[in-house]
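# For reference, the sequence and a predicted model appear below.
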Amino acid sequence: MSPLNDLHRRLYSHDNEDLINREISPDSYKSDEKSLDGKSEEKPLDKKAEKSEESQESEEQSAKKENPVINQLETKSSENGNADMQKMNRIKKFKMAGSVLTAIFVIIGLVIVYVKYKQSAFSQENVVVEFQGDQDVKSGELFDYKLVIHNNNRVAINEAQIQIKYPEELVPTIMGYTQVNARGSFYIDVGKIKSRESKEYQLKFKAFASRENQVYLSTDFRYKPSNFSSVFNKEENHIINILGSIVDFSLVSQQEVSSGESSKMIAVLTNNTPNDISNLILKMSYPEGYSFGSSNLEKVAGIENSFKIPLLKANEKREVEILGSFAGEVDMIKKVIGEIGILSEESKFSSISLAEEIVKVIPSRIGVYQEIVSGVDADTQTTYLGTLLKYEINFKNNSSNPLLDLVLKEDIKTDLIDHSSVRVDLGFYDQEKQQIIWKASDVPVLKVLNPGESGSVAFDFMLKDSFVPKDGETNQTIATQAKISSLNVNTTLLANKELSSGDKLIKVNTNLDVLISGEFAGSVFKNNGPIPLRVGEETTFTIKVALKNNFNKIDKPSLTIKIPSGIIWKNSFHRSSGTVAFNERSHEIKWEPNALNSQVGYKYPAEELIFQIGVLPQSNQDGRDLVLVNSVEFQGFENFVEKNIVKKLKEFKLYQIRDYGF
């Protein structure tokens, strides 16, 4: 028998008391005794059970000493057991770490799958904005478009709004769901569009283009996907081709015209539609030196050189005659432009067709020219009420034959003329016709004007000092034209053999008044203090600056009111419009009222700024001549004459106070 087997036998023999003592606990004995006879034999058992740990350890040590082989094996077994235990612990740790990593990877994978699924639920490419309708339209035509918004995503989009920008060639019809935004654009509150849902909106436009043109409708669609907190936007452009017009239009005239001679121009209109067209407007733009004579159409009130075409029947072709004359230097090229269009409710003209005609000025048999000698700003060709205007008319025979019994006329068209002031050099002024006439009995050279011979006449008149225009006639002008005729002058159109100069048009500046006044009692502010003034004691006054404007609108008006440093700004003021600011350092009041329209201060209330000041006189100051306001300066832009307007008032003193009776 091997030593190892012998050791095993000895260790696990039932006769081995040490093994029995090690393997069976005292509690086990007690339970066994009780189960056998129910009697308690505690002492014998207690003796065995109460063996001290020292005796057991000493016995084990003695046994080990007696058996060195056992000792060695146990040591080896203990070392092997510890190694195995450490190996098993490492395996358990590796398994546990692997399980944790696997769980983490699974979670990450699920998150990635969720995020990708969430992201794939929405794509900007799946939001589509489109216009459905004919891309080619005609000027003057009302056409429809269907605006369709598609949401092809798996999620809804919220807070959607689309803005549509359109060019000036297109005029939209405002629908119930469209809201006007800035000029040239409107928007639609779309709201929510569900997943896989489309929304449609009907849009109507009218095209206005004088020539063939390509324009764009631009859209800016803003929305918020339900699975994102960000706002997205999508911009698109839609091309519209404006091809031709519902009305064909052309101008026909002589290719060459004599300066001052009457000529005929024909406007040709053709209705290209199977429907009647009503309320068309023919608008003409003439070159410098052209004088309109007459037309078989009624003029449009308030729009210069425009005529009404009440009805153009289906497929109708119509010719309109326009008579006038061109004045200018020989070989000068003149361009006439005509437009067919309609008027909006705001009286804005929109063109749907345009035509041009070119004519050349050739030498005339007789030339007539007028010149303003004085009373007019040469650069702006403007003047003012109350001005004396001086004119001179020159005429010359450019033909090779004498001209006999000439009659010279000057037409003056204005409501501003002071009839009593007209002075004519050897002629007659007809007040009713507003016309000056010269004949051979007045000017002998008009009896026979030989080839190359010339002559001249002169006249002058005053403009009224004040004038109240009629409603709608805010912009005032002075138009004059000279005409000369002779029985032996051949003209192409008219039997009266009359030739004319170009119109001379002078614009009249508005009559703007800047007024300043002051008072102590009866003002909007309660004033107090000693009257007359006493040195070292404050007295308050109310100052009023008023603006009156006669007929031309003034934009961006502003006033700078400079107050002496010794005058106290009380910060109490009232203005009819605009804004008021006081600069403490410069001691200036800045008032910017609203635009000054025609008849402010005449037919309508004046613009006013009323403010309160305090006066604390010093011993070295003269009471009556005490300056309350150093100056008032007005600036603005007068649209009609296209120039800045400036007005200045000098100092305003104490003695100018209305109720300064002290």
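Ah, there it is. Numbers count the residues shown, from 1 in each chain.

# Domain ranges for this structure, per the record?
With domains defined by automatic domain parsing, the chain comprises 3-66, 124-245, 247-362, 366-508, 512-656.

# average pLDDT for the first one?
For domain 3-66, the mean per-residue pLDDT is 46.

# low pLDDT regions in this structure?
1-82, 84, 113-119, 472, 489-497, 622, 660-662 (pLDDT under 70).

# what are the ranges of the helices in it?
3-11, 17-23, 26-37, 42-49, 53-66, 68-120 (DSSP state H).

# how close does the nearest residue to residue 211 once chain neighbours are set aside get to residue 208?
Residue nearest to residue 211 in three dimensions, not counting chain neighbours: residue 354, with 6.0 Å by Cβ to Cβ, 6 or more residues apart in numbering. To be clear about C-beta, it is placed using only N, CA and C from the backbone, and glycine gets the same treatment. According to Cβ to Cβ, to the nearest Å, residue 354 stands 11 Å off from residue 208.

# who's more crowded, the two?
residue 208 (24 against 19; other Cβ atoms under 10 Å).

# isn't that one right up against residue 140?
Yes: judged on Cβ atoms under 8 Å, residue 208 makes contact with residue 140 at a distance of 6.9 Å.

# For these two, list the residues in contact with both.
Counting by Cβ atoms under 8 Å, 6 or more residues apart in numbering, the residues touching both residue 208 and residue 140 are residue 352.

# contacting residues around residue 467?
Contacts of residue 467 (Cβ under 8 Å, 6+ apart): 385, 415, 416, 476, 511, 550, 551.

# 6 Å - rerun?
Counting by Cβ atoms under 6 Å, 6 or more residues apart in numbering, residue 467 makes contact with residue 416.

# Report the separation between it and residue 415.
7 Å.

# Please enumerate the shared neighbours of the two.
With Cβ under 6 Å, 6+ apart as the test, residue 467 and residue 415 reach no residue in common.

# Make TSV out of the domains of the chain and add distance to residue 101.
Converted to TSV, these look like this (distance: least, Cβ to Cβ, whole Å):
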stretch	distance to residue 101
domain 3-66	44
domain 124-245	31
domain 247-362	75
domain 366-508	88
domain 512-656	72
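
# show me the residues around the closest residue to residue 327 other than its chain neighbours that make contact.
Nearest residue to residue 327 in three dimensions, chain neighbours excluded: residue 502, at 3.5 Å (Cβ to Cβ, 6+ apart). Going by Cβ under 6 Å, 6+ apart, residue 502 touches 289, 291, 327.

# If we use 7 Å, what do you get?
Shown in contact with residue 502 (Cβ atoms under 7 Å, 6 or more residues apart in numbering): 289, 290, 291, 327.

# How about residue 320?
Per Cβ under 7 Å, 6+ apart, neighbours of residue 320: 266, 267, 282, 295, 296, 297.

# ok, the first one to residue 310 distance?
Distance check for residue 266 against residue 310: by Cβ to Cβ, it reads 19 Å.

# More neighbours: which of the two?
The neighbour comparison of residue 266 against residue 310 (other Cβ under 10 Å) goes to residue 266, with 13 against 9.

# what number of residues lie near the nearest residue to that one once chain neighbours are set aside?
Residue nearest to residue 266 in three dimensions, not counting chain neighbours: residue 252, with 4.6 Å by Cβ to Cβ, 6+ apart. Neighbour count for residue 252, taken as other Cβ under 10 Å: 12.

# Ok, the one 4 residues further on next?
For residue 256, the count of nearby residues is 12 (other Cβ under 10 Å).

# in the sheet, who's paired with it?
residue 360 (DSSP bridges).

# if I pick it, what's in contact with it?
359, 360, 362.

# Filter these down to the buried ones and hand me the ChimeraX line.
The buried residues among those can be selected in ChimeraX (16 or more other Cβ atoms under 10 Å) with this line:
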select :359,362
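
# mind listing the strands for the stretch 301-450 of the chain?
Counting by DSSP state E, counting those that start in this stretch, the stretch 301-450 of the chain has these strands, from start to end: 306-312, 317-326, 333-343, 349-362, 366-374, 382-383, 388-397, 403-404, 407-413, 417-424, 428-430, 435-438, 448-449.

# Those strands: which one's closest to residue 219?
Residue 219 lies closest to strand 349-362 among the strands of the stretch 301-450 of the chain, at 23.4 Å (Cβ to Cβ).

# Please name every helix or strand in contact with the closest one.
strand 247-253, strand 256-258, strand 333-343 (3 or more Cβ pairs under 7 Å, 6 or more residues apart in numbering; DSSP states H and E).

# Show the contacting residues for the spatially closest residue to residue 251 that is not a sequence neighbour.
Using Cβ to Cβ, 6+ apart and skipping the chain neighbours, the partner closest in space to residue 251 is residue 357 (4.0 Å). Going by Cβ under 7 Å, 6+ apart, residue 357 touches 251, 253, 265, 336.

# Mind doing that once more with 6 Å?
251, 253, 336.

# one step back: dump the strands of the stretch 301-450 of the chain into TSV; add distance to residue 97 as well.
Shown next, in TSV, are these (distance: least, Cβ to Cβ, whole Å):
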stretch	distance to residue 97
strand 306-312	93
strand 317-326	97
strand 333-343	85
strand 349-362	81
strand 366-374	106
strand 382-383	96
strand 388-397	108
strand 403-404	123
strand 407-413	106
strand 417-424	110
strand 428-430	119
strand 435-438	115
strand 448-449	124
